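Asks: Next input, structure requested:
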Amino acid sequence: MRKVVSLVLALMLVLSAAALADGKLVVYSPNPDEEIENFLNTYAEKYNVEVELLSMGTGDCFTRLDAEKANPQADVMFGGVELTWTNDYPDLFEEYVAANNDALPEEYQNPDGVTTYYILGGSCVMIVNDELEAELGLNITSYADLLDPALKGQIACADPTASSSSFAHLCNILLAMGDGEENPYESEKAWDYVSQLIDQLDHSLTSGSSAVYKGVANGEYVVGLSYEVGVAGFIRNGAEGVHAVYPTEGVCWTPVGSAIVKGAANMDNAKLFMDWLISDECQTIMATQTVCRGVRTDLFVPTEYMPAFDTLNLRQENSDYTSSNKQTIIDHWTELWTK
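Replies: Residues are numbered from 1 along each chain as shown. Below is the predicted model:
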């Protein structure tokens, strides 16, 4: 959990008549620098709004918003808003459906009256060390391949009880390996695979999600269970000798949202920010200038780091189930892990 860091963006712009409300927006966000630079800064410059940003982990955002709800200090939470969290904090956010919501694919439209989905995160990929894979004579393309005896103790994975990306990967594994079952998340064969995978991990987990792809690149592991944005950004930024694998059993993306804090002081600017996130302009920036996939899947542009949707075996996560039953899934993992 990251230490709370307070940043005031250096955007001391002279307010014009075009500025809305009082020309200010206070943002709490767990997002990485790339999203802040490409989306938040662009919004601030486009609408001549002074943005005050407090950067902290997702859990810290919710804890702070909950503590401040009688006297809200933030206007929006930028990123990290998912059903797994809003179900636990049902009274923190203002009801608002952003303009252009109807242009989104139905599965990514506002699900609860408060959440504006703007980005697809958590897609589960594997990162593979080219040299070590070749030395073992392997060609890793699937979850099934991870059970090869040669990979015991050679697989990097973060703790799904503490890492949101690792929990997403666990859910993706259950969905993929429970294929054909009425409820794959409760599938005996899916959980049997998880049990075998835990044995392959040799009861060793990394300290966090970034340690997975860094550990594979450093040669500490042959393969790691990671997430697309982290791996794609890592490779784009110069990592060599590794490549991403999208498991042949299937992958899915989890929509991630932003929301307006209930009682926000700068309500007009907060609404404008939600509108901006799913505007054609912002979604095109995501598609062409970042390693992020926006919720406007029709605008996505494949790159050498991120393949086209139609080249992958896509699955649809039951986010209602995984959010409502997160603790049950975690408890089942913990039971198997402690064995």
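Asks: how is this protein carved up into domains?
Replies: Per the record, the chain has its domains at 5-120+254-306, 124-252+311-338, by automatic domain parsing.
Asks: Compare these and say which comes out lowest on pLDDT.
Replies: In terms of average pLDDT, domain 5-120+254-306 trails the rest of the domains of the chain, at a mean of 86.
Asks: quick one on the thing from earlier: for the domains of the chain, give me CSV that also has mean neighbour count.
Replies: Glycine gets a C-beta too; all of them are placed from N, C-alpha and C. Listed next are those as CSV, based on neighbours: other Cβ atoms under 10 Å:
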stretch, mean neighbour count
domain 5-120+254-306, 18
domain 124-252+311-338, 18
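Asks: So which residues of the stretch 151-300 of the chain form strands?
Replies: Listed in chain order, the strands of the stretch 151-300 of the chain (DSSP state E, counting those that start in this stretch) span 155-156, 223-227, 242-245, 254-260, 293-294.
Asks: Strand partners (parallel or antiparallel) of the second one?
Replies: Going back to what we said before, that points to strand 223-227. Sheet pairing of strand 223-227 (DSSP bridges) gives strand 124-129 (antiparallel), strand 155-156 (parallel).
Asks: quick one: contacts of the shortest one?
Replies: Right, the one you point to is strand 155-156. Residues outside strand 155-156 that contact it (Cβ atoms under 8 Å, 6 or more residues apart in numbering): 146, 197, 200-201, 206, 211-213, 215-216, 220-226.
Asks: just to revisit the earlier point, for residue 168, which of the strands of the stretch 151-300 of the chain is the nearest?
Replies: Among the strands of the stretch 151-300 of the chain, the nearest to residue 168 by Cβ to Cβ is strand 254-260 (5.8 Å).
Asks: Could you list every helix and strand in contact with the closest one?
Replies: Other elements packing on strand 254-260 under the criterion 3 or more Cβ pairs under 8 Å, 6 or more residues apart in numbering; DSSP states H and E are strand 76-81, strand 116-121, helix 267-277.
Asks: Run the angle between that strand and helix 267-277 for me.
Replies: 160 degrees (axes from the mean of the first three to the mean of the last three Cα atoms, to 10 degrees).
Asks: angle of strand 254-260 against strand 116-121?
Replies: Using the same axes, to 10 degrees: strand 254-260 against strand 116-121 is 150 degrees.
Asks: Measure how far strand 254-260 is from the centre of its chain, please.
Replies: The chain centroid and the centroid of strand 254-260 are separated by 10 Å under Cα atoms, centre = their mean, to the nearest Å.
Asks: partners of that strand, with directions?
Replies: For strand 254-260, pairing defined by DSSP bridges yields strand 76-81 (antiparallel), strand 116-121 (antiparallel).
Asks: can you list the ones you listed in CSV and add distance to residue 43?
Replies: Converted to CSV, the strands paired with strand 254-260 look like this (distance: least, Cβ to Cβ, whole Å):
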stretch, distance to residue 43
strand 76-81, 10
strand 116-121, 12
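Asks: ok, back up a step: Serialize the strands paired with strand 223-227 to JSON lines and add fields for distance to residue 306.
Replies: Compiled in JSON lines, those are given as follows (distance: least, Cβ to Cβ, whole Å):
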{"stretch": "strand 124-129", "distance to residue 306": "10"}
{"stretch": "strand 155-156", "distance to residue 306": "21"}
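Asks: Which among the ones you listed is found nearest to residue 305?
Replies: Nearest of the strands paired with strand 223-227 (Cβ to Cβ): strand 124-129, 10.7 Å.
Asks: So which residues make contact with the closest one?
Replies: 140, 146, 168-169, 172-173, 212-213, 216-217, 219, 221-228, 231, 234, 241-247, 251-252.
Asks: I'd like the next helix or strand past it.
Replies: Using DSSP states H and E, the helix or strand that directly follows strand 124-129 along the chain is helix 130-135.
Asks: In CSV, please show the C-alpha coordinates belonging to that following helix.
Replies: The C-alpha coordinates for helix 130-135 follow below in CSV (Å, rounded to 0.1, in the frame of the first residue of the first chain):
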residue,chain,number,x,y,z
ASP,A,130,13.0,-15.8,-23.7
GLU,A,131,16.4,-17.3,-22.8
LEU,A,132,15.2,-19.4,-19.8
GLU,A,133,12.2,-20.7,-21.8
ALA,A,134,14.5,-21.9,-24.6
GLU,A,135,16.9,-23.5,-22.2
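Asks: okay if I get the helices and strands packed on strand 254-260 as CSV plus distance to residue 284?
Replies: Shown next, in CSV, are the helices and strands packed on strand 254-260 (distance: least, Cβ to Cβ, whole Å):
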stretch, distance to residue 284
strand 76-81, 19
strand 116-121, 13
helix 267-277, 12
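Asks: and residue 66, which of those is closest to it?
Replies: So among the helices and strands packed on strand 254-260, strand 76-81 is nearest, using Cβ to Cβ, at 11.4 Å.
Asks: Dump whichever helix or strand comes after the closest one to PDB, restricted to CA.
Replies: Sequence order places helix 83-86 as the next helix or strand after strand 76-81, per DSSP H and E. Provided in PDB are the C-alpha atoms of helix 83-86 (Å, rounded to 0.1, in the frame of the first residue of the first chain):
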ATOM      1  CA  LEU A  83     -17.800  -2.900  -8.000                       C
ATOM      2  CA  THR A  84     -15.600  -4.900  -5.600                       C
ATOM      3  CA  TRP A  85     -15.000  -1.500  -3.800                       C
ATOM      4  CA  THR A  86     -18.200   0.400  -4.300                       C
END
